[in-house]
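Novice: Build the 3D model from these lines:
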Amino acid sequence: MPTVLITGASGGLGQALARRLEADGYDLVLAGRDSGRLQAAYGDRHLQVEGDCTTSAGAQAIIEKSALAGRHLDGLAHCVGNIRLGAMHRMRDADFADCLQANLISAFHTLAAFVAHLRADNRPGAAVLVSSAAARIGTPNHEAVAAAKAGVEGLARAAAATYAANGIRINVVAPGIMETPATTGILGSTVAREAAARQYPLPGIGSADELAGLMAWLLSPAAARVTGQVWSLDGGFSSIRPIVK
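Specialist: Just a heads-up that it's a prediction; the model follows:
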């Protein structure tokens, strides 16, 4: 039974992916900064690890706790991140730093710890990181998150090249706006929700379950020949423009 580590497991995407992988028979290690939130989301199911992967030591500790519990990881789904919107000339230094820490730096440290774990056992594996449509096409007031997520995409491509010879696959998913607790402030009103939905050539708001399905496929043997790729799930937002009526 393959074992997958999900970071940010108490968030909307993390929970959606956990449900999907659980249904597919995976063994899961669920990591988050708040053990109370993990317990509330999952009860006593699966191995739950409290830790902060925004530092090298924190990411390594999550992997080490998993190993001490007898888990040898086969997959990583890094679902940690946040959304910081606002024009760059008005953004506080602390908010920009927090955006980089949550989205890019956490991905770097977690992926590094995961790869080291696989290499120590001379085992193959698969990782999926999360980017954003904002990293693929210019979107107003997304400078901070676009910069962070573009870094995630560059990280994945380079790491995929470095570790392909070890049988380690690394891919990225890049969604448009999704219905999760993190977007409540953006989609909080009917007007805002309708305006957001109209941005997409395929109109609508994405769901965490849709993205979880793509991530589960990328972690599975069905994607054994796929690495170094960024998979958009954004209703065509980053690649085509709708017919304007």
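
Novice: can you point me to the longest strand in the protein?
Specialist: Longest strand in the chain by number of residues (criterion: DSSP state E): strand 168-175.

Novice: Tell me the gap between that strand and the middle of its chain.
Specialist: Counting by CA atoms, centre = their mean, to the nearest Å, strand 168-175 is centred 9 Å from the centre of its parent chain.

Novice: Now do it: everything it contacts.
Specialist: Residues lying outside strand 168-175 but in contact with it, judged by CB atoms under 8 Å, 6 or more residues apart in numbering, are 111, 115, 118, 124-133, 135-136, 149, 152-153, 156, 159-160, 163, 206, 211, 214-215, 218, 223-224, 226-234, 238. Bear in mind the C-beta positions are built from the backbone N, C-alpha and C, glycine included.

Novice: What residues sit buried inside the one helix or strand in the chain whose mean pLDDT sits lowest?
Specialist: Using mean pLDDT, DSSP states H and E, helix 190-198 stands out as the lowest-scoring helix or strand of the chain, at a mean of 72. By neighbour count with 16 or more other CB atoms under 10 Å, helix 190-198 contains the buried residues 193, 196, 197.

Novice: repeat for stretch 209-229
Specialist: Residues of stretch 209-229 classed as buried under the neighbour-count rule (16+ other CB under 10 Å) are 209, 211, 212, 214, 215, 216, 217, 218, 219, 223, 227, 229.

Novice: From those residues, which land in strands?
Specialist: Checked against DSSP E, those include nothing in strands.

Novice: What ranges does this protein have for its strands?
Specialist: Applying DSSP E to the chain gives strands spanning 3-7, 27-32, 47-50, 75-78, 125-130, 168-175, 178-179, 206-207, 230-233.

Novice: residue contacts, the spatially closest residue to residue 157 that is not a sequence neighbour?
Specialist: With CB to CB, 6 or more residues apart in numbering as the criterion, residue 157 has its nearest non-adjacent residue at 5.2 Å, and that residue is residue 228. With contact taken as CB under 8 Å, 6+ apart, residue 228 is in contact with 156, 157, 160, 161, 164, 170, 171.

Novice: top of these by neighbour count?
Specialist: Each of the contacts of residue 228 was scored for neighbours by other CB atoms under 10 Å, and residue 170 scores highest at 28 neighbours.
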